[in-house]
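K.L.:
Just need the structure, nothing else, for what follows:
(2 chains)
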Amino acid sequence: MRRVLPYLLVLPAVAVLALFIYWPIVYSVWLSLHRWDWLMPEPQFVGLGNYTVMLTSAQFQNALWKTTLFTLVSVPPTLALALFVAVLVAPPSRANRVFRSIYFMPTVMSAVAIGVIFDWMMNTEIGTFNAALRALGLPGVRWLTDPDLAIYSIALVEIWKQFGYAVVIYAAGLQAIPVGLYEAARIDGASPRRQFWDVTFPLVMPTTFFLLILSVINGFQVYTFVEVMTEGGPARATEVILFYLVRTGFEAGNVGLGSAVALFLFVLLMGITALKMTTLGRRVHYGYD
Amino acid sequence: MATIERESLRARSRARNRTLPALPRLAWDRLVLMLLALLVVYPLWEIVRVSLLDVSEVRRPGASIWPLDLGAYVEAWVGIPFPRYMLNSLIVTLAVTLGNTLTAVLAAYAFSRTEFFGRELLFLLVIGSLMIPSHVTLIPNYLTFAGWGMLDTHAALILPFLASGFSVFFLRQYMLGIPKELDEAARIDGAGLWTILWTIMVPLSWPAISVVALFAFMSQWNEFIWPLLSTSSEEMRTIQIGLRYLLRDQEEGGSPDWPLVMAGTMIALMPLLIAYLVAERHLIRGITMGSFR
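P.N.:
Residues are numbered from 1 along each chain as shown, chains lettered A, B, ... in the order given. This next block holds a predicted model:
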């Protein structure tokens, strides 16, 4: 019994992970090498055909570009704003704790609910954003229905949701900086600005790196906001990779092509995750302070 | 006690007097922080405000929410199957929270306290799952459940989430920090592995277990893409999916009934907002720890 018990204990967890996380990868590879849709009873081997179709597809290239654009315009502002705010709210005090928990609140809110709220607020005719613009005497903007603007509007929602999380992580990172360094800088006559750029910024770099990798990974997997607010439109202007995956793999039922897209994104994210793993030790340390 | 408070008050007012020249800068900082807090909270107020309006008033900018009109909430509860969505969400979320925590407790215990052949490899398998983004599993898992004839069931919504690398990893780390002497002593007294797990390890790991459970609850309540893809009937929709259709179905037929949509949003947000108010500290810890998912 003593010999078998450990296996019995790990069995449920390992079985679930094997069946619903590891097996799907193997299955995806197999699927991606076959042509198979709802009309065909038998999968047909096509080699790398799906990958060729994917890489030459203008829609896929559009999706890849839109996802990259979304990540580029949402991640840096989130981190910059979060670091700025974290410097202000990191010192332990009751007021700062309240600020931190308010900023963090969107992190627990469902993406669907957030999408719905911003869908309302960004509504061209009756939304809050345009009401505010009109009150200032400015013309309204088609936040979600202008193809040139929609992806930026969704990036704005992403910033709104993510910045509080980054603030909390940054605040933890800032508290790890030895106070002595600031005292030394002050004695040397460094202004608060100099202290930020010469002490805070370089020393909080590991946190920045961690948040950057994590946010890029999240950014590349954006789906819910797009699904709820624009459905990839207008005119595919917000069709991100996951949206394209669902459209080809599920709505069009082309599971081979869908799997190729999924694996492409997987390999891309694995590359980024490999970078992330190098900071794992540091990260694990945060939760225990 | 009172004297100490008075002392510290006096000290604080003295400190304030001394830093008086710096006060304008401090106020500027606070102003920015408050403005940001307002920007975060405002959308929440907007949900409440719109949900209390009458449909006919939505287009009027200065519409007043007085007298309070709870019609939209009644409509969400009676007119559309929100209770059913809520029930589905509760069933799925509670099952996943319990199951995920239980598999994690068992596995974490084995990984932290027993020696067996293949332990390192299996543990690598467990933490390796953290690196796998969930989108790769969508199509294969859909086909798996289709093959079993189990699409559009509660089981399909629950099974894939019954274990997670994060939960096992987090609990194992915590259990490794519990002194081995405690279970050694119990073993000398004749307790078996199983007894030690439930009488020593579980009670001592309670803080970590509650973080894992809270985190599982939260991410499951908000789960969107899998229930969207794996359910097809209205009876199986979770609250997130119900909310999405509430917005979408109406949008296709013109303008959505915004008070109704916002009432639905409020209902969908309520459990987590309450959980956040009650256990904010733990939630923050769970999420910041969960960040390496």
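
K.L.:
Just give the number of residues close to residue B:203.
P.N.:
Neighbourhood size, residue B:203 [other Cβ atoms under 10 Å in any protein chain shown]: 9. The way it works is simple: take the backbone N, C-alpha and C, and place the C-beta from them, glycine included.

K.L.:
One more: residue B:190?
P.N.:
7.

K.L.:
tell me the secondary structure for it?
P.N.:
coil (DSSP: H, G, I helix; E, B strand; the rest coil).

K.L.:
What does the pLDDT read for it?
P.N.:
Residue B:190 carries a pLDDT value of 85.

K.L.:
And it, how far from residue A:255?
P.N.:
Using Cβ to Cβ, to the nearest Å, we find residue B:190 at a distance of 56 Å from residue A:255.

K.L.:
what about the most centrally placed residue in chain B, which helix or strand?
P.N.:
The residue lying closest to the centre of chain B (Cα atoms, centre = their mean) is residue B:218, at 1.4 Å. Of the helices and strands defined by DSSP states H and E, residue B:218 is found in helix B:206-221.

K.L.:
is chain A contacted by that helix?
P.N.:
Yes - using Cβ under 8 Å from any Cβ of the partner chain, helix B:206-221 comes into contact with chain A via B:218, B:221.

K.L.:
Just the buried residues of that helix, please?
P.N.:
By 16 or more other Cβ atoms under 10 Å in any protein chain shown, the buried positions in helix B:206-221 come out as B:208-209, B:211-221.

K.L.:
and if you look at stretch A:124-138?
P.N.:
Going by neighbour count (16+ other Cβ under 10 Å), the buried part of stretch A:124-138 is A:126, A:127, A:128, A:129, A:130.

K.L.:
now those residues as JSON lines including pLDDT?
P.N.:
Shown next, in JSON lines, are the buried residues of stretch A:124-138 (pLDDT from 0 to 100):
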{"residue": "A:126", "pLDDT": "85"}
{"residue": "A:127", "pLDDT": "87"}
{"residue": "A:128", "pLDDT": "88"}
{"residue": "A:129", "pLDDT": "90"}
{"residue": "A:130", "pLDDT": "89"}
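
K.L.:
from these, which two are the most distant?
P.N.:
A:126 and A:129 (10.5 Å; Cβ to Cβ).

K.L.:
quick one: average pLDDT of the strand or helix carrying residue B:275?
P.N.:
Assigned by DSSP H and E, residue B:275 belongs to helix B:258-290. The pLDDT scores in helix B:258-290 average 83.

K.L.:
Any idea how many residues pack against residue A:69?
P.N.:
For residue A:69, using other Cβ under 10 Å, the count is 16.

K.L.:
was I right about it contacting residue A:151?
P.N.:
Yes - when contacts are counted by Cβ atoms under 8 Å, residue A:69 is listed as touching residue A:151 (5.9 Å).

K.L.:
gap between the residue nearest to the centre of chain B and residue A:70?
P.N.:
Residue B:218 is 24 Å from residue A:70, by Cβ to Cβ.

K.L.:
So residue B:241 is in contact with residue B:231, correct?
P.N.:
Yes - with contact defined as Cβ under 8 Å, residue B:241 and residue B:231 form a contacting pair (6.5 Å).

K.L.:
out of the two, which sits in the more crowded spot?
P.N.:
Comparing residue B:241 with residue B:231 by other Cβ under 10 Å, the one with more neighbours is residue B:241, at 24 against 20.

K.L.:
what's around residue 244, how many residues?
P.N.:
No chain in the question, so chain A it is. By other Cβ under 10 Å, neighbour count at residue A:244 equals 25.

K.L.:
nope, chain B
P.N.:
Counted with other Cβ under 10 Å, residue B:244 comes out at 24.

K.L.:
Give the buried residues for the helix or strand harbouring it.
P.N.:
In the assignment (DSSP H and E), residue B:244 maps to helix B:239-252. For helix B:239-252, the neighbour count (16+ other Cβ under 10 Å) marks B:239, B:240, B:241, B:242, B:243, B:244, B:245, B:246, B:247 as buried.

K.L.:
Could you tell me which ones among those also sit near chain A?
P.N.:
Checking the buried residues of helix B:239-252 against chain A (Cβ under 8 Å from any Cβ), the matches are B:240, B:243, B:244, B:247.

K.L.:
Any stretches of the chain with poor pLDDT?
P.N.:
The chain I'm using is chain A. Residues of chain A meeting the criterion pLDDT under 70: A:1, A:38, A:276-289.

K.L.:
wrong one, chain B
P.N.:
In chain B, residues with pLDDT under 70: B:1-26, B:61, B:251-253, B:286-293.

K.L.:
50 - rerun?
P.N.:
B:1-4, B:6-7, B:10, B:13-23, B:292-293 (pLDDT under 50).

K.L.:
distance between the helix holding residue B:275 and the chain's centre?
P.N.:
7 Å (Cα atoms, centre = their mean, to the nearest Å).

K.L.:
Then stretch A:196-205?
P.N.:
Chain-centre distance of stretch A:196-205: 25 Å, with Cα atoms, centre = their mean.

K.L.:
Extract the C-alpha trace of it and format it as PDB.
P.N.:
C-alpha atoms of stretch A:196-205 as PDB (Å, rounded to 0.1, in the frame of the first residue of the first chain):
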ATOM      1  CA  PHE A 196      13.700  57.400 -10.000                       C
ATOM      2  CA  TRP A 197      15.800  57.000 -13.100                       C
ATOM      3  CA  ASP A 198      19.000  56.000 -11.400                       C
ATOM      4  CA  VAL A 199      17.700  53.800  -8.500                       C
ATOM      5  CA  THR A 200      14.100  52.700  -8.900                       C
ATOM      6  CA  PHE A 201      14.000  52.100 -12.700                       C
ATOM      7  CA  PRO A 202      17.100  49.900 -13.000                       C
ATOM      8  CA  LEU A 203      16.400  48.000  -9.800                       C
ATOM      9  CA  VAL A 204      12.800  47.300 -10.700                       C
ATOM     10  CA  MET A 205      13.900  46.000 -14.100                       C
END
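
K.L.:
That stretch near chain B at all?
P.N.:
No - Stretch A:196-205 is not in contact with chain B by Cβ under 8 Å from any Cβ; minimum separation 13.2 Å.

K.L.:
Need the residues that contact that stretch.
P.N.:
Outside stretch A:196-205, the residues that touch it by Cβ atoms under 8 Å, 6 or more residues apart in numbering or on different chains are A:83, A:87, A:170, A:173, A:174, A:177, A:181, A:182, A:185, A:190.
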